[in-house]
Each structure stands twice: as C-alpha cells, then as structure tokens.
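Participant: Sequence first, then the predicted structure, then my questions.
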Amino acid sequence: MDKKIIADVFQRHLDQLASRLNEDIPALCILSGKEDGSIKPKTKALFVWLFGYDMIETVFIATKKQIFYLASEKKLQMMEETKQRLGGRYEVHFYKKVADNRESFDKIRQKLGNVKLGMPTTEQQAGTLATEWYDYKGWSQIVDASQFISDILAVKDDQEQAFINQSSQLTTRLFKKLIKQIEDSIDVGTRITHQDLAKKVEQSLDNDKQKVIKDIGLQDGLYDFAYTPIIQSGGNYQQVDSPNKEYLSSDVIIISLGTQVNEYNTNCIRTLFINPTEVQKKLYNTILDVQSKIVGLLTVGNPLNQVYKDALLMLEQKTLELSIANIQFPTSFGYGIGLELKEPFLAISEKSTHIVAKNEVYFVQVTLENLPNGQKGINYTISVGDVIVVTNGAANVTTNQIPKAYKQISYQLQEEDEQQAPKQQPKQTDAPREGRTRGPRNQQIQIQRENEKQRQIHQEKLAKDKQTELEQRLEQEQFIQNSQETKALELEKLQCYQKPEQYPKELQKGQIYIDNQKCAVLVPLLGTHIPFHVSCIKNVSKIDEGKMGASIRINFFTSETTAGQIQFPQIDGQTIFIKELQYRSKKSDRPQNLILQIKQLQKKVKAEQQVEREKQHVGELEPLVVSKTGRKPIFKDLKVRPTFGSGKAAGILEVHQNGFRYVHQNKEQLDIVFKNIKHYIYQSPEQDIIAALHFHLHSPIVLGKRKTHDVQFYCEVGGAVEHLEGRRKNNRNDDDEIEEEERLRVHRKKMAREFEVFIKTIEEMGADYKIQFEKPFRDLGFEGNWNRARLFLQPTHNTLMNVVESPFFILTLSEVEICCFERIIPGIKSFDLVFVFKNYDKQVLRIESIDIKDLEGVKNWLDRMNLLFFEVAQNLVWKNVLAQIQKDIPGFVQDGGWTNILAESEEEEGEDDDPEAGDSEFSPEQSEEDGDDDDDDSDFTEDDDDDDGESDDEEDEDDDLSDVLDLNNISDQDDDDDESESDKPRRKNKSKPQSKPQPKPSQKPTSAKPTQQQKRPPPRK
C-alpha cells in the first residue's frame, strides 16, 4: 500500500500541538530511529497521529511559528503538499538527510535559538541519524515531554473515534469466537492448551478475512491483533505477555484479547467461571458494580486520582461485607488507550493528576488477584476490563457487546451420575439455578458419535465412488504405471581391465586388492587375480574364527535375485554366475579393513551414478522470456534452498513474462518457468520463523549437482524473544520486554505485507498460467516422523506440507489413491498414517508416530478432502500389497478393490493366534528360520527418495534391483554393531521372503485376541 500523508489531518493535528506549546516546552522534537533496535512507543504514536504512519530516520521539530523537517529525499517529496498549505502560517524548513547531518543541526539550532527542546527522553532510538543526534552538543536544554505528548494524544477527534469503534467491533467479534471455542472444549471435554486456543482465534482472523473487511468496513492490511490473545486457568494467573502451554482447566478462566485498526488499539478482559462458589459470584458482581462506578466517575473535569479514590473506597466497603481477609486491592483501575495499548501517564491511579476531558478513551479494568479457596482449592483471580469513550453525558462503553453479566459467563457442569438420577433431587420451582448448565461427558459422547456417524456415511459413499473410479480406469486402461524402463546390466560389457597387463603393480599373491580407480575388487583365484566390478557385489561380511583368524565372505548378485535386471553370460543355455567367495586371513583385522574399503568404493560409485542419473532425468524446459520493457517486479534479500553457487548468500528474485529469475550477489542465476511449477506455497512470517515462497516443480532441476523438485526463496524474520540473563517474561509492566515483543511483531507484520504485495503482483502477471499461492492452515497441522525427522505438517488446499525445515515435505493430495491408519489399537499413544498413490509403482508415503490426540482431527481433515481411508491394527508391508495387486489388476478391481484388500487384512489380524491360518503375505512379522541365510539382504541399504521427493522410510528388498544396480541403496549403515536393538529384528524380519497365505479354516478360532506385541511391529527409527 502506497504511503501518503493526508494534509488536512496533518494540519489539524499540528495546530492542536502548537496550541499546547508553552514556556515549559516551547519546542517539541520527535526523533525517530530505525525500526530495529529502537524503543519508541510515544515517538511512533505521535508520528502516526501527525503523518498517518511511523517515519524512520527522521527529525521533526515544531514551535508555534516554525516547522523543521530532516528526512530522506523521498519523505521530503511526500511533505511538499503539506509544506504549501503551511507556508502562510508557519516557517517551514526542509533538510535532506545525508551522511553527516551536523551542519543541518547547526542551522536548525541557529533558527530556533536557545530554547528548551521537549522530547520523550525515556525512549532510545537506534540508527546513524539517532547516533549523530545524541552526539551533537549544540542544544541548550532538553526536557522530558512524555506527559505533554500523552495529554496531546488523549483527546480523540471524530476520525480517531471511528477507528476506536471499528477496533472495538473487531475485538468483540473475535472475543465471542474465542469464548465459543472455550465453551466447545469444555462441553466436549477436549484437552487443549491455552496456546492452541490463542492460535485458533488468530487463524480465524485470516480465514474470515473478506467477511471481516466487509462487515466492519476495514481496509486490508490496516488491522491486526494488538497482542497474542491470553488465556489463563488452573491457578496460574501471573501477568504475562503471551499464553502459556498449560491445558485449559475447568475452574476460573481469564481471557484477554485486543485488536488495532489503523494503529488505534482496543482491549477487553473477561473472567469465566466453571462450577463457581457463592463467594465467587458475590465477588464478581461486586467487581461489576465497581467498574460501573468508575465509568460513571469518568466525567469531564474529574481528576483521575479522585476517580481512583472513590472506586477504591467502594471496593473496600463491599469486600468487607463479604468477610474476605487479606484482599490485595489494585493500585490502578485502568489507563488511557489509543495509539498506545497502555498509556501509563493516563493511569487511573492515586498519583495521576490528569483531568478527564471530553473524547478521551480509557481502558477501565478492575482486578482482584490471589483470592483464596477457589475450585480444587486453588487461589484465583477475577478481572474485568472494557474500553470507554468520555462524552458530555454518560460514557460510551465500546466493548459492551462482549458477554459480561454473571449468568452469561458462569457455567454449571453436571457430572454423569448427576444426570442419571434426576428423580432423587427435589423439585425447585421458585429458585432457578443461575448460569449455564452443561453436561460435558454425555455431550462429548453424543457429539463424537454423531461426528463418527456422519463421517462413516461419507466414507461409505467415497468407497463406492472409488470402486466406480477403479472400474472406469480398468475399462479405459488408465492405471498409472512408471514410464521409465530399467535397462538390464550386461556383465559381458562390464569390464574393468582390457588385459591382465593393466592390473595394478601392487598386487600380492594370495591377497585381495581394491582398485579405486577402476572400481574393481581383485580376488586371488586359481593362481591368479580375477577382477570384479563393485556393482556385482551384493554384500560383504566378516566371520570370526577364533585362533584361526577371520574370514571375509563376498556375496554376489545372482540370476535368482536380480529378476532379469542383470544379464549374466550363458553357455549352452545355462546361466553362469558366482554366488559367493570366502577367504581366510590369519590377521583378524585384515577382513575388516577390506570391508571398509569396499564400502567406500561402493559409496563413490553410487554418488557418481546418482549424479549421472539425475542429469538424465531432468527434462528439457522452455527458456525464460526476460522482460526487456517496463519495470519488472523484484524482491530483494532472499536466500535460496537448496543452495547453489555462492551458498547461503542473499539475492534478488525477479518476475518475468513466463517465470522467475533468481540472481545471486555474485551474478549467478537460476531460472524457473511458470509451466514447471506444480504448487505455489506461501509460508507467512506471522506463523513461523521464516517467510518463504516455495515452488514444488513438475520436472526436477539440478541445483548444486543434485536433482530437486523443490526450490524455496526465503528470509528469516526472527524467533521468540528471550533474555540473555534468563529472566522469565512474567511482568507485563516491563517496558523492555513489551517493546522487544512489539518490535518483533511489527517486523513480522511489515514482512508479511511486503510478501503479500509481491504475491499479488505475481498472480496478476501469471493470470494466463492460473497462478494461485497456497497458504497453510496451521490450526489443522499435526506432528509426525518422516525421513528420520520430526516435522509439523500443515495442510493447504491441494497439499500436505512442511517447508520450514529441510528436507521439504510436499504431498500432492490429488495423486493419493487411499489413506490407511496403522497401529490403531486400544491404549496406543501414537499411530502411523500411510498414503497410497494412484501410481502403484510408486512407494507409499508413511508418516510415523503421530500423537493419538490428533487422530480425530486428521480423520476429519481427510474426510473433508474427500480422501478414502481405512484402519488396521498393524503396519502392512505395502510393497507386497502393491505387488500382489499389480499381478492381477482386473481381479483386484472385480473382487472389490481396496475395501476387499484392507478388510481382509483386518480379518487376518484377528486370526494371528491360529496356527492353521498361516501368516499374511502383507504382515511385517516373519520367523527368522524361514529362508536361507545365503539370501540375506545386503547390509548396505539406504532409502531412495522417489521423483517427487516423497519417500518412505521402509527399505527396499533385494528382489527389486532397479536402484541396487547403480548402488543407490548402498550406505554406511552396515554392521549390526551400529544398529539399535530395536532395529535388528526389523532388519532381519524384512530380509526373509514372505510366506504364502494359507487357506483359511472353515470356522474362526475362539482363541484369545492377539497381544499388542503380536499386533505391533518393532519401532521404526
């Protein structure tokens, strides 16, 4: 939004300021430093009051006859219109800010003369201009003008009152929504933290953005929360600046919420009671009476200290009647509010001598802290606060629509046993119970059953639709298969040496030699050395033989394990291959050294082949059409991930006719065309520690010698405020903490506006490409394990994603066939979620260890996204499931599709204890005695990400060698000594072939249910 000074408002406010100047403060100076590092609540407030927004690196001085303005050239141009209007009434002097401004300071001092300069001396400005000002010694005397500025800003004109009213409407709207969320949580019995409640109401403001703007008449970008909403309960009622992570407790709940419109703040505080005592009821009504008294006393001409004394006297008298000892009476009953959230110089306290004037705005708050004998024996606090505008008559309470009467904020929760025996209670016709009556347990069960019923009905419909879709895809031959074919490796063409004379000269008789240059392992055989390319080696292992030394066993790929992906030589139609070689050494450390060398060589070959493969898979893309005419939109100081070229150095992101160009500081470039971008994702700085534009690509590009489907341009915006000396943030009156938090909030807000303007420009320029940025729904997010990392995953309209941490996680929902919840058994604390893709050749994606409290939320989200899901009690071996389906896709569809497959799996889970039923082909549990030791899987295995960067932690078996042949599955996780005890059985189990399913018995056994150990596989790392 373009910044513009409204000349009429500036002139009117300047006249008000000049009229108040006197002998004590004949000249008022406002010095504004840089945004980062400055403490300037009053400076900012006065600049906003005069100019409409905060000006940085600026000096403004006003007397009754003169105006001095020192700023950048751009700001001086903005002031031209006001300069012309003020020319006849004031001497207006403009000074351009330069590298050294001492000469300008001298000229200002000469024109001012030796007069006192009033400034808010309690504030500290940062930046070069501020440093020059503080170092300049030419001013005769500088006095504190904080009280003077507060008095000027106290009276609000009609436009300012309009902003206050709009902010009050916004506060009322959000406050009611927050109360509704708290009521729902109490009704259902949901455990939710104070912090999560605050996040939900903050997210609701973004979700209802258009409706809020329309209903209240706001301008986009000119409204926000004044601070993070604060919810407190459970006995912890210390004054804080943000909500804690404790769970909402059903006792006394205090809510604080404030908003701002055009920088004008309003605030509100309410107390909710769950099963209140009679004393709490009387105390609360007493507080309401005292607040009403204060509102009535805030009349024109009444001093604030007198208002405080009269209200305190009333509070003391009323609490004395209740016989409550040791009450801590408040030292203040509120303060002024407006451009500052809390104006300490307008506090309703014993020391304040300010005289109440018409059109002043106050936040009237009555609080009693640390009251004894609350619910569950805790000490509690009661607080009520509202915004009022002083008029000639009765004050106007702008937040009076927020529930405040005792009947509206008190709740009687009926326990289940109370609801089941109503006949035993005597009838009470003349004494109705006050407050709202709620029965959380029964309502919780009823609501959950209703939600499950509706969800089940919808899932049954989705299952029918999915079956119809499968039948149509089968009829139209639209089942997706990978188009890439794996070329078989021809061993006859794989030669390390053309002739024996090329063998290394270092060969020694009877010893194995590793040739790193030729990628060969030369082994002694029949009196000579025979070379084997490292690609032929499946695994190597060491065998200790006690006093005889140790042996090394080399296992090779065979025709039985490669499934035709290696072409072995043949003689008379018979395939020729070597299965294994074993050599003994008297030196027990010799085999281990050879194993390490072979592993390193395998890694080297793997890395080389990985680079080559990625270059081959990168498709040809259209060139970027650079905009040569007009001004192209740019965003400066953005970093890129994955890094390339100059690493983490910042650069510029440019928007051109058909794509983006990113230019490093050293002129290295990266081009991305619109057609290759699959998802545009915007990570807002208001929600996380970075602001980012994330692009998920259709076809990969190579950055830093690595193929990637994701490119991100981001900047860091800072994290939570922490004190170096470790002090807790528990004092709302600590100005340093308040200003620190305010600076961070303002910086995040500013960064968000810049990104939103840039995004809007991109969407307008890319209208032909239907560019639409997606923003994550944070309140629907959940944590889970993926790719050995704990991620906070958030849905967008088309994806499930995490772009804050690397490696990035992007799941395209339209590519998902079905979802499956695994390990859903009673008493479990976490579960896994598997996404199966429409391309059955693609590995499934598994998110592990999701907290069980997120189960209902995830189900509801999947249901709303029209994704069919199933539940099973254990982890399935999805590779075998998909392989079985692909063997007979027509049979799979005709037998009922996914419903039949997964229902059968669930039935087999219930028959695990039946010895005649046999093992499921899809079960992860297998006996170690099945199969042959010689066919063990290689210890050199590593997860291989699929083309979209969506990988599963499940490891490939050796019968699929599409990646093994280029050593893409080779890693350094070799020895059992490096594995955890929980990983060993899992690796052993996976190395055995799955047994064929046995025919089911005619009658189901009546044995006990499978134990949890039988149902649940070993934990995944």
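Facilitator: Cool, got the structure.
Participant: low-confidence ranges in the stretch 651-800 of the chain?
Facilitator: The stretch 651-800 of the chain contains residues with pLDDT under 70 at 718-739.
Participant: Spell out the residue ranges of the strands in it.
Facilitator: Residue ranges of the strands in the stretch 651-800 of the chain, as given by DSSP state E, counting those that start in this stretch, are 651-655, 659-664, 669-673, 677-683, 690-703, 706-716, 773-774, 782-786, 789-795, 799-802.
Participant: got these as JSON lines, with mean neighbour count and distance to residue 8 columns?
Facilitator: From N, CA and C alone the C-beta is placed, and that goes for glycine too. Formatted as JSON lines, the strands of the stretch 651-800 of the chain follow (neighbours: other Cβ atoms under 10 Å; distance: least, Cβ to Cβ, whole Å):
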{"stretch": "strand 651-655", "mean neighbour count": "20", "distance to residue 8": "37"}
{"stretch": "strand 659-664", "mean neighbour count": "20", "distance to residue 8": "42"}
{"stretch": "strand 669-673", "mean neighbour count": "17", "distance to residue 8": "47"}
{"stretch": "strand 677-683", "mean neighbour count": "20", "distance to residue 8": "37"}
{"stretch": "strand 690-703", "mean neighbour count": "19", "distance to residue 8": "36"}
{"stretch": "strand 706-716", "mean neighbour count": "20", "distance to residue 8": "38"}
{"stretch": "strand 773-774", "mean neighbour count": "17", "distance to residue 8": "38"}
{"stretch": "strand 782-786", "mean neighbour count": "20", "distance to residue 8": "52"}
{"stretch": "strand 789-795", "mean neighbour count": "18", "distance to residue 8": "46"}
{"stretch": "strand 799-802", "mean neighbour count": "24", "distance to residue 8": "48"}
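Participant: Distance to residue 557 added to the ones you listed, as TSV?
Facilitator: Formatted as TSV, the strands of the stretch 651-800 of the chain follow (distance: least, Cβ to Cβ, whole Å):
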stretch	distance to residue 557
strand 651-655	46
strand 659-664	43
strand 669-673	40
strand 677-683	37
strand 690-703	29
strand 706-716	26
strand 773-774	45
strand 782-786	31
strand 789-795	32
strand 799-802	37
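Participant: Out of these, which is closest to residue 879?
Facilitator: Proximity to residue 879 (Cβ to Cβ) singles out strand 782-786 among the strands of the stretch 651-800 of the chain, at 17.7 Å.
Participant: Convert the C-alpha atoms of that closest one to PDB, please.
Facilitator: The C-alpha trace of strand 782-786 is given here as PDB (Å, rounded to 0.1, in the frame of the first residue of the first chain):
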ATOM      1  CA  PHE A 782       0.000 -32.200  13.300                       C
ATOM      2  CA  GLU A 783       3.400 -33.600  14.100                       C
ATOM      3  CA  GLY A 784       4.800 -36.800  12.700                       C
ATOM      4  CA  ASN A 785       8.000 -38.600  11.800                       C
ATOM      5  CA  TRP A 786       9.100 -38.600   8.200                       C
END
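Participant: what is the orientation angle of that strand with strand 789-795?
Facilitator: 130 degrees (axes from the mean of the first three to the mean of the last three Cα atoms, to 10 degrees).
Participant: Quick one: distance of strand 782-786 to the chain centre.
Facilitator: Relative to the chain's own centre, strand 782-786 is displaced by 12 Å; criterion: Cα atoms, centre = their mean, to the nearest Å.
Participant: Same check on stretch 821-835?
Facilitator: Put simply, stretch 821-835 sits 23 Å off its chain's centre (Cα atoms, centre = their mean).
Participant: Any buried residues in it, and which?
Facilitator: Neighbour-count burial for stretch 821-835 flags 821-825, 830-835 (criterion: 16 or more other Cβ atoms under 10 Å).
Participant: burial count for the residue lying closest to residue 815 once chain neighbours are set aside?
Facilitator: Leaving aside its sequence neighbours, residue 815 sits nearest to residue 837 (Cβ to Cβ, 6 or more residues apart in numbering; 5.4 Å). Using other Cβ atoms under 10 Å, residue 837 is surrounded by 21 other residues.
Participant: for the one 4 residues further on, same thing?
Facilitator: Neighbour count for residue 841, taken as other Cβ under 10 Å: 16.
Participant: now swap in residue 309 and tell me
Facilitator: Neighbours around residue 309, by other Cβ under 10 Å: 14.
Participant: What sits closest to the residue most central in space within the chain if chain neighbours are left out?
Facilitator: The C-alpha lying nearest the average C-alpha coordinate of the chain belongs to residue 688 (Cα atoms, centre = their mean; 5.4 Å). Leaving aside its chain neighbours, residue 688 sits nearest to residue 804 (5.3 Å; criterion: Cβ to Cβ, 6+ apart).
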